[in-house]
Every structure is written in structure tokens, then in C-alpha cells.
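1. I need the structure of the sequence given here:
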Amino acid sequence: MKNPRATQEAVSPVIATVLLLAITVLLTSGIYIMVQDAVQAPDKGTPYGQLTSQSLDNGFQVVRVSDLSNELMINTIKFQIISGNGTIIEGLANDASVYGAIGSDVTFQDRDAGLTLNRGDYFIINATAIGSDEGDWTFRLIFMGTGTRGTADLGQVILPATEL
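-> As a prediction, this is how the structure comes out:
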């Protein structure tokens, strides 16, 4: 027969190990809950950019992002095309009829296809279709803000007349 005392001694270290693990998990989760509110992502500041424009001899205009402080998600980017008399054509860069579209009045070409606005990305405007072929229209790019970052004007540029 086995000694009952030896059986009792063998159970005690297993229970102690399980209890120590449980206490460690509870303390770790408690510390995590207390600290998670204190840690925030750094504020990246207000983004800024610079745009350039050119007209093509086929009735289209191209607006290129020539400088950008940091890459931005395209769902936060709005464009406006403003005529001399104040008429505004606007949309979002991630609209299905704009992002990578062919044949739309305004299309956005994301060079790296990363769903972000970066230096080198560009908009193609069908100047003949919207009437900006005479020039003197303004293209404006707006960051709509996320989280603690507010709305910012990324840049604007005068659209040149096309040579048709």
C-alpha cells in the first residue's frame, strides 16, 4: 500500500504552481488595463502638401502630389475643383468612380496601390467634360482629419488651359 502522506505531498506543488500562474495572469491583466488609457499614439501634426498641374494636348489635366509631409489614407482625402464663378465639383479619392477608374471625369491614380496618398500620386481630370479646359479653375486637396488630427488644406493649384 502506498503511504497516504506521500500522495498528499505530490499534489501540493501542482496546486501551488497553478495558483501562482493564475495570480500572475490577474496582476498582468490589471496592470495592462490601468496603463492602456495612459498610452496614446503620438500626434503626427497637421499634414501639408504641395501640388503641381499640367495640361495635356488631349483635353485632360493632371494634378500631381509633388510633396507630402506623411502618407495619408485615401478615405480621408477629399478633392474640390472650383470654377471661376464658384461652381464646385468635389468627391473622395476612394470613391469607386474615382480611385483607379477609367473614363470618369476625375480619377485618382495611386502609384503604389497601397490605398494611401503619397508623393507621386496624381489625379487625372477630363477638362473637356467638366469645362475646366479654358483654365482658371482651382484644384484643391483636403485632408478630412482622423482622431485628434483636424481638417487641413493639403494644397491647391490653378488648372492650366488645355491645348485642343
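2. Could you give the number of residues near residue 114?
-> Number of residues near residue 114 (other Cβ atoms under 10 Å) recorded here: 12. Using the backbone N, CA and C atoms, a C-beta is placed for each residue, glycine as well.
3. tell me the contacts of it?
-> Counting by Cβ atoms under 8 Å, 6 or more residues apart in numbering, residue 114 touches residue 71.
4. Please, where are all the helices along the chain?
-> 4-36, 127-130 (DSSP state H).
5. In CSV, could you pull the C-alpha coordinates for the shortest one?
-> Just to be clear, that refers to helix 127-130. Output of helix 127-130 as CSV, limited to C-alpha atoms (Å, rounded to 0.1, in the frame of the first residue of the first chain):
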residue,chain,number,x,y,z
ALA,A,127,-11.1,69.0,-68.6
THR,A,128,-13.3,68.9,-71.7
ALA,A,129,-16.1,67.0,-69.9
ILE,A,130,-16.2,69.3,-66.8
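6. Give the residue spans of this structure that score low on pLDDT.
-> Confidence mapping of the chain against pLDDT under 70 gives the ranges 1-11, 39-44, 148, 164.
7. show me where it has strands.
-> 49-55, 60-68, 72-73, 77-82, 88-92, 106-109, 116-117, 122-126, 137-143, 152-159 (DSSP state E).
8. Export the ones you listed as a markdown table, with columns for mean neighbour count and distance to residue 20.
-> Shown next, in a markdown table, are the strands of the chain (neighbours: other Cβ atoms under 10 Å; distance: least, Cβ to Cβ, whole Å):
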| stretch | mean neighbour count | distance to residue 20 |
| --- | --- | --- |
| strand 49-55 | 17 | 55 |
| strand 60-68 | 19 | 53 |
| strand 72-73 | 19 | 45 |
| strand 77-82 | 20 | 53 |
| strand 88-92 | 15 | 54 |
| strand 106-109 | 20 | 57 |
| strand 116-117 | 22 | 47 |
| strand 122-126 | 21 | 61 |
| strand 137-143 | 21 | 51 |
| strand 152-159 | 18 | 52 |
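9. Compare the ones you listed and report which one is nearest to residue 25.
-> Among the strands of the chain, strand 72-73 comes nearest to residue 25, with 36.1 Å by Cβ to Cβ.
10. so how far is that closest one off the chain centroid?
-> Strand 72-73 sits 2 Å away from the centroid of its parent chain (Cα atoms, centre = their mean, to the nearest Å).
11. next one: stretch 147-163
-> 16 Å.
12. Repeat that for stretch 17-28.
-> Here stretch 17-28 is found 41 Å from its chain centre; the criterion is Cα atoms, centre = their mean.
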